[in-house]
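**Student:** With the input below, show me the fold.
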Amino acid sequence: MEIRQDDLSGPAIAALIGEHLNSMTLHSPPESIHALNLDKLKQPDITFWTVWENDELLGCGALKELDDKHGEIKSMRTATAHLRKGVARQMLEYIIEEAKRRGYERLSLETCTPDAFIPARKLYEKFGFEYCEPFADYTLDPYSAFMTKVL
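**Tutor:** The predicted structure follows:
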């Protein structure tokens, strides 16, 4: 697997982000969906990566700078055909190392509470993320779980 910084211009990543957004609508009401579309992922405070094997897109993830000491994981997604192959684990390891390289002291994320997101929450727990109160501009929401990790 190879992780590459991505400019979000290719059709494969557009399809994967579309799949990601569609999945969110199946499990959460619109006001509780915090996933970003392609345009919002192209902001200067967000760095976006994709995971590839040869010419096949396996997954993606992003790191948003909240301030010079705090980053947020965004858009972690594994393509459905590649679930349970370690794609998310590799992407998460990469993002954590990048956050440390940038000098962040904390890394946080928002994920969903429905059962479909148990595997994601278990992965974050395995990497030392702990449940926390909402951060940045988030507010309490029964469909959101907030997690953070001190680096």
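
**Student:** which residues of the chain fall in helices?
**Tutor:** Shown for the chain, the helices assigned by DSSP state H span residues 11-27, 38-41, 87-101, 118-126.

**Student:** Out of those, which is closest to Asp141?
**Tutor:** Taking Cβ to Cβ as the measure, those were each checked against Asp141, and helix 11-27 came out nearest at 12.9 Å. Quick note: C-beta positions are derived from backbone N, CA and C, even for glycine.

**Student:** in the closest one, what counts as buried?
**Tutor:** Buried residues in helix 11-27, counted by 16 or more other Cβ atoms under 10 Å: Ile13, Leu16, Ile17, His20, Leu21, Ser23, Met24.

**Student:** any idea which of those is closest to Glu98?
**Tutor:** Of all the buried residues of helix 11-27, Ile13 has the smallest distance to Glu98: 18.4 Å, by Cβ to Cβ.

**Student:** chain center to the lowest-mean-pLDDT helix or strand in the chain, what's the gap?
**Tutor:** Lowest by mean pLDDT, DSSP states H and E among the helices and strands of the chain is helix 11-27, with a mean of 88. When C-alpha coordinates are averaged (Cα atoms, centre = their mean, to the nearest Å), helix 11-27 and its chain have centres 13 Å apart.

**Student:** Next: stretch 70-80.
**Tutor:** Counting by Cα atoms, centre = their mean, stretch 70-80 comes out at 1 Å from the chain centroid.

**Student:** can you start the count at 2 instead of 1 from here on
**Tutor:** With the count now opening at 2, the last piece we talked about shows up as stretch 71-81.

**Student:** Quick one: mean pLDDT for it?
**Tutor:** When the per-residue pLDDT values of stretch 71-81 are averaged, the result is 95.

**Student:** Show me what that stretch is in contact with.
**Tutor:** Under the contact criterion Cβ atoms under 8 Å, 6 or more residues apart in numbering, stretch 71-81 has outside partners 17-18, 20-21, 36-37, 42, 47, 49, 58-67, 86, 88-89, 92-93, 96, 100, 103, 105-111, 121, 136-137.

**Student:** In this protein, which residue sits furthest out from the middle?
**Tutor:** Computed with Cα atoms, centre = their mean, the residue of the chain farthest from its C-alpha average is Asn55, at 22.3 Å.
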